[in-house]
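# Using only what follows, build the 3D model:
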Amino acid sequence: MTDDRADAERIGAARDRQRELYGAPVGERVRRITAGLDITQGRLARTLGLSPAMLSQLVSGRRVKIGDPAVLARLMALDAAVPAGPGTPPPAEEVEALLGRVRAARPGWTPGPDLLPVRSPDGAAAAVPHQVPASAGRGATVHRLRP
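A predicted model of the protein is given here:
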């Protein structure tokens, strides 16, 4: 097997694992958020509290897991706040306010292995089968982020 083929298989496996963990590959969520809010991946990384290089590794499938649960909660919160489907991004001041609330959010945690419902980028329901921040749930997150 060539190095390129082995690398492609590792990346494919990593994206499959991200789908299992988070309901969708991180790259799909990031592209949806950046397009929906008309922001750069670097700005998203700073909002999440993650280095741009690490976010790039996650998006490309070279890394699988988001190591900081608070970063995962912020990613899920933004994903839940972005309208489904293509459309015009919100006005810049609304985007800035949303990003500010997400940056300032201090997620709560739920004990136990309950499944957390999340939305995949195509709008289908998925479940995250491990402990994740309670604030990653759509209803609670959107409620906490709205002014």
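# From now on I want contacts and neighbour counts done on CA atoms only, so please keep to that.
Noted.
# Okay, buried residues for stretch 80-100 please.
80, 81, 82, 83, 84, 89, 95, 98, 99 (16 or more other C-alpha atoms under 10 Å).
# so who does the residue nearest in space to the middle of the chain touch?
In the chain, the centroid-proximal residue (C-alpha atoms, centre = their mean) is residue 75; its distance is 3.4 Å. Taking C-alpha atoms under 8 Å, 6 or more residues apart in numbering, we find residue 75 in contact with residue 48.
# same thing but 10 Å
Residue 75 makes contact with 26, 29-30, 33, 44-45, 47-49, 66, 69, 81, 102, 136, according to C-alpha atoms under 10 Å, 6 or more residues apart in numbering.
# quick one: which of the residues you listed is nearest residue 60?
residue 26 (8.4 Å; C-alpha to C-alpha).
# which residues touch that closest one?
15, 18-19, 32, 55-61, 63-66, 75, 121.
# of the residues you listed, buried ones?
By 16+ other C-alpha under 10 Å, the contacts of residue 26 give 15, 18-19, 32, 55-56, 58-61, 63-64, 66, 75, 121 as buried.
# Quick one: residues contacting residue 27.
Counted by C-alpha under 10 Å, 6+ apart, residue 27 has contacts 15, 18, 33, 55, 56, 57, 58, 59, 60, 61.
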